[in-house]
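Colleague: I need the structure of the sequence given here:
(chains A and B)
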Amino acid sequence: MLIQILGPGCFKCQKLEENARQAASELNLDFHIEKVKDLQQIMAFGVMITPALVVDGVVKVAGKVPGVEDIKKLLVKQ
Amino acid sequence: MSPAKQTGCACGGTVTLLIPCSGAADTGEIADRAARKFAKGGCAGMFCLAGVSANLSGFIASAKGADRLLVLDGCNLDCARKTLAEKGITENIIHLRVTDLGFVKGKSPATAERIEAVVAELGKNLTASL
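Modeller: Numbering: from 1, shown residues only, chains lettered A, B, ... in the order given. Modelled structure (predicted):
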């Protein structure tokens, strides 16, 4: 599973990455996390608010930092 | 507009997205042009309703994640508001109609004066919501 964190690298981006990593780990998923900081790449996802969480190419959340349990639900929904 | 201006970081305070219907009628044109002019002021980011219609996840997630959606329809068909509602986006919406300002659909060419009147109305409504 490819998990991408879109954003400039601010505190919220870091928190989102941390929560996503914990959620995926607790679910024992085979995953890879990639940070996307380039604005052109971010815009190519149609995202206008960061941070954003992308799972296997699908934007799940933008502009918010869901908690670990909420991210688990998003990952399981795949 | 630069990419940095178009994509807002939620760390930087409230995020307002401006969503005009951009319809084919003259009032839709007024909505589109007024929205573009207002967005250039920096108080809201111009947003693409077509991306929501196309079911693109980035657009839908962005609309759901914004603090405020300034939705501008040209007429009472309310295509923009209803398109958002179809995707479950019904909260944090400030909704305006060009025809509510007295402009009659089909009889209101998009003049600078009419566009300016809508820009002013957008500003008034956004300010009132703060």
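Colleague: show me the shaky parts of chain A.
Modeller: Within chain A, the segments meeting pLDDT under 70 span A:78.
Colleague: interface residues of it facing chain B?
Modeller: Residues of chain A lying close to chain B by CB under 8 Å from any CB of the partner chain are A:7-8, A:10-12, A:39-40, A:42-43, A:45-52, A:58-64. Every C-beta, even on glycine, is put in place using the N, C-alpha and C of the backbone.
Colleague: helix, strand, or coil at the residue nearest the centre of chain A?
Modeller: Of all residues in chain A, the one closest to the mean position by CA atoms, centre = their mean is residue A:53, 2.5 Å from it. Of the three states, residue A:53 takes strand under DSSP: H, G, I helix; E, B strand; the rest coil.
Colleague: returning to what we had before: buried subset of the residues of chain A next to chain B?
Modeller: Buried residues within the residues of chain A next to chain B, counting neighbours by 16 or more other CB atoms under 10 Å in any protein chain shown: A:7-8, A:12, A:39, A:42, A:45-52, A:59-64.
Colleague: and the longest helix belonging to chain B, what does it pack onto?
Modeller: Criterion DSSP state H: the longest helix present in chain B is helix B:112-129. Here helix B:112-129 is seen to pack against helix B:26-40, strand B:68-73, strand B:93-97 when contacts are counted using 3 or more CB pairs under 8 Å, 6 or more residues apart in numbering or on different chains; DSSP states H and E.
Colleague: could you list the buried residues of that helix?
Modeller: Applying 16+ other CB under 10 Å to helix B:112-129 flags B:114, B:115, B:117, B:118, B:119, B:121, B:122, B:126 as buried.
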